[in-house]
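Engineer: Quick one: sequence plus predicted model below, questions after.
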Protein chains: 2
Amino acid sequence: MQLSDQVQDFVLHFGEMGSCWGFNRTVGQLFALIVITEQPLCADDLAQALSVSRGNVSMGLKELQAWRLIKPVHKPGDRKEYYQPAGDVWQLGATVLEVRRKRELDPTLSLLRDLLIESSDKPTDDHAKAKMQEIHDVLEMLAGWVTDLQSMNPDKLRTLMKLGSGIGKVLDVKDRLLNKPKDEH
Amino acid sequence: MQLSDQVQDFVLHFGEMGSCWGFNRTVGQLFALIVITEQPLCADDLAQALSVSRGNVSMGLKELQAWRLIKPVHKPGDRKEYYQPAGDVWQLGATVLEVRRKRELDPTLSLLRDLLIESSDKPTDDHAKAKMQEIHDVLEMLAGWVTDLQSMNPDKLRTLMKLGSGIGKVLDVKDRLLNKPKDEH
DNA sequence: TTAAACTTTCAGAAATTATTGAAAGTTCAG
DNA sequence: CTGAACTTTCAATAATTTCTGAAAGTTTAA
């Protein structure tokens, strides 16, 4: 398989960004290549196109399936597994946010709740307790947004898109509808 | 400095989570300890409390300052630098989101724009172009939300909080105000 | 100036994470 | 069954990241 310069750049970039998005270079490249390519790709296509070992591809595909970002399909009369993106770009984005919420937010929320309950007896260290509560509230709100986004139907998403992206603007619309003059920031 | 069990758990947890939040274990622990502790801490306090080397603390503090999450303060008659959180928990959260947007979203948006412009001449690979456009739009919307959050004044934040956290609910309110019956999902 | 009290730097060591490729496992047509 | 066509596993190795601590740098009081 021969990649165009553009696709090459795109794939390499996703490899580099992979590390800050929670997966390694190979996984980032695999994902980018599967998303950007119209026809489903098999493990050998991927290994050859990215110049990585077959075993590495196998691991990477397993991880991408665990993230629910790709799904296997079969061609009739062919025993190989081919891989496709698990949905359109919106769905993939929502999935990434959901998985990251589970990994990055939920464990901390859970710990904070435990610590807060545990410490409700003891009358010590009010400052620490207060901070834990504040952090808990901020993270819970963030987690709530991600969950909402996750469960939002395409209609709402389209509404949000038309508003030009931004919670601020949504609130502005609400304020305008209520005829309450809002303060500019 | 002697840490209570609760604070200990909190700090260790932030160390572990650090890696998925974009910084290493030590940096996560430093940040947690500085946030949870009422009085400002100096590098030696931190090194001792976390059992890490003085050099490591120095690096970590530099990184946290680059993130704009802590700020140095001075005690009169003391040459040491002491460190405090740079603002309340809300501000810290907004800062983290902003820094992560700059690192995780902006470079990709920039690349996608370049690739799309560059490929607007060439009539090849419509599927790849379309996907790049879709990814660009999704990321731009996400980046827009983060930016809005960043620039939002406390009033709006309070409004959002009262709504019970969630863009969906905000949109519901808007729909209700417009008297357009919305479709449940 | 000097020296004490700090902080930062950075080369090497340690720890962690990613990758390879050969061997083992699986599946299915014949 | 058997073997060909696949996939997965995993021990060894490579690459990367983090950490240490000694040395160098900085600042200030005297």
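Structural biologist: Alright, I've got the coordinates. Numbers count the residues shown, from 1 in each chain, chains lettered A, B, ... in the order given.

Engineer: any idea which element A:Asn56 lies in?
Structural biologist: Taking DSSP states H and E as the criterion, A:Asn56 maps to helix A:54-66.

Engineer: Remind me what that helix packs against, helices and strands.
Structural biologist: helix A:25-36, helix A:43-50, strand A:70-74 (3 or more CB pairs under 8 Å, 6 or more residues apart in numbering or on different chains; DSSP states H and E). C-beta coordinates here come from the backbone N, C-alpha and C atoms, glycine included.

Engineer: neighbours around A:Gly18, how many?
Structural biologist: Look at A:Gly18: counted by other CB atoms under 10 Å in any protein chain shown, it has 19 neighbours.

Engineer: I misspoke; the intended subject was A:Asp155.
Structural biologist: Neighbours of A:Asp155 (other CB under 10 Å): 12.

Engineer: element containing it?
Structural biologist: Per DSSP H and E: helix A:154-162 holds A:Asp155.

Engineer: average pLDDT for that helix?
Structural biologist: Helix A:154-162 shows a mean pLDDT of 69.

Engineer: With just CA atoms, put the next helix or strand after it into CSV.
Structural biologist: Using DSSP H and E, the helix or strand that follows helix A:154-162 in sequence is helix A:167-177. Listed next in CSV are the C-alpha coordinates belonging to helix A:167-177 (Å, rounded to 0.1, in the frame of the first residue of the first chain):
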residue,chain,number,x,y,z
ILE,A,167,-20.9,27.0,26.1
GLY,A,168,-20.6,30.7,26.5
LYS,A,169,-22.6,31.3,23.4
VAL,A,170,-25.3,28.9,24.5
LEU,A,171,-25.6,30.7,27.8
ASP,A,172,-25.7,34.0,25.9
VAL,A,173,-28.7,32.7,23.9
LYS,A,174,-30.4,31.6,27.0
ASP,A,175,-29.8,35.0,28.6
ARG,A,176,-31.1,36.8,25.5
LEU,A,177,-34.3,34.6,25.5
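
Engineer: The helix holding A:Asn56 to strand A:70-74, inter-axis angle?
Structural biologist: Angle between the axes of helix A:54-66 and strand A:70-74 is 110 degrees (criterion: axes from the mean of the first three to the mean of the last three CA atoms, to 10 degrees).

Engineer: Helix A:54-66: which residues count as buried?
Structural biologist: Using 16 or more other CB atoms under 10 Å in any protein chain shown as the test for burial, helix A:54-66 gives A:Asn56, A:Val57, A:Gly60, A:Leu61, A:Glu63, A:Leu64.

Engineer: Serialize the helices and strands packed on helix A:54-66 to TSV and add fields for distance to B:Asp125.
Structural biologist: Formatted as TSV, the helices and strands packed on helix A:54-66 follow (distance: least, CB to CB, whole Å):
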stretch	distance to B:Asp125
helix A:25-36	9
helix A:43-50	15
strand A:70-74	20
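
Engineer: These: which one's closest to B:Leu116?
Structural biologist: Nearest to B:Leu116 among those is helix A:25-36 (12.7 Å), distances taken as CB to CB.

Engineer: quick one, domains of chain A?
Structural biologist: Per automatic domain parsing, the domain ranges recorded for chain A read A:5-85, A:89-177.

Engineer: Quick one: mean pLDDT over the first one.
Structural biologist: Okay, so that is domain A:5-85. The pLDDT scores in domain A:5-85 average 96.

Engineer: interface residues of chain A facing DNA strand D?
Structural biologist: A:19, A:42-44, A:54-55, A:58-59, A:61-62, A:78-81 (CB under 7 Å from any atom of the strand).

Engineer: ok, those residues vs B:Trp90, which is closest?
Structural biologist: Nearest to B:Trp90 out of the residues of chain A next to DNA strand D is A:Ser19 (CB to CB; 28.3 Å).

Engineer: and that closest one, what is it in contact with?
Structural biologist: By CB atoms under 8 Å, 6 or more residues apart in numbering or on different chains, A:Ser19 lies in contact with A:Arg25, A:Gly28.

Engineer: and it, what are its phi and psi?
Structural biologist: phi -60, psi -40 (degrees, to the nearest 10).

Engineer: same check, this time on the one 5 residues further on
Structural biologist: When read as degrees, to the nearest 10, the backbone of A:Asn24 gives phi -90, psi 180.

Engineer: Please name the nearest non-neighbouring residue to it.
Structural biologist: Leaving out its chain neighbours, the residue that sits closest to A:Asn24 by CB to CB, 6 or more residues apart in numbering or on different chains is A:Gly18, at 5.8 Å.

Engineer: what sits against that neighbour?
Structural biologist: Shown in contact with A:Gly18 (CB under 8 Å, 6+ apart): A:Asn24, A:Arg25, A:Thr26, A:Val27, A:Gly28, A:Gln29, A:Phe31.

Engineer: go on, A:Ile36?
Structural biologist: Going by CB under 8 Å, 6+ apart, A:Ile36 touches A:Val7, A:Phe10, A:Val11, B:His127, B:Ala128, B:Lys131, B:Met132.
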